[in-house]
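**Student:** Everything below, folded, please.
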Amino acid sequence: MPAKARILLLLFVLHLVPSFALDDEDSSSTTLKSRFLTQYNSRSPLKCNKFPRVCHARGSPGPDCCKKKCVNVKTDNLNCGECGKKCKFGWMCCNSKCVSVMYDHGHCGGCRKKCKKGSFCRYGMCSYGF
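**Tutor:** Have a look, this model is predicted:
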């Protein structure tokens, strides 16, 4: 094998070998990590404020980012319609609006649970007690 080919092969192999760095988080440990692993800390999950696309991943609670957490502002009681807007006790976030599921005829006991015509919603049930 010519010398030039050996040098190129050696450079290619060295490029594939990860560079190692000392772990900065635990100074008492001398554990070595590759360059790729130092970029991602498995102990802390990815935050949506730095990586907003995380919220669109499969299994995410929702596509919106509020206070570094993925949420769905259409259904989240702590972020209803916008970040930080909380629904009162006994109310639920239905399609980005806080509604009283205890007394709302169109959302009786839950989102979009309508009572039949002529009945009413009491304590989250249609025509309760009558």
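
**Student:** the helices in this protein, which residues?
**Tutor:** 3-16, 35-39 (DSSP state H).

**Student:** mean pLDDT for those helices: which is lowest?
**Tutor:** Lowest mean pLDDT of these: helix 35-39, a mean of 46.

**Student:** Find the nearest non-adjacent residue to K47, please.
**Tutor:** K68 (4.6 Å; C-beta to C-beta, 6 or more residues apart in numbering). Just so you know, the C-beta spots here come from the backbone N, C-alpha and C atoms, and that holds for glycine as well.

**Student:** Next: C66.
**Tutor:** Using C-beta to C-beta, 6+ apart, the closest residue to C66 is C83 (3.7 Å).

**Student:** got it, and G62?
**Tutor:** Spatially, and ignoring its direct neighbours in sequence, G62 is nearest to N72 (2.9 Å; C-beta to C-beta, 6+ apart).
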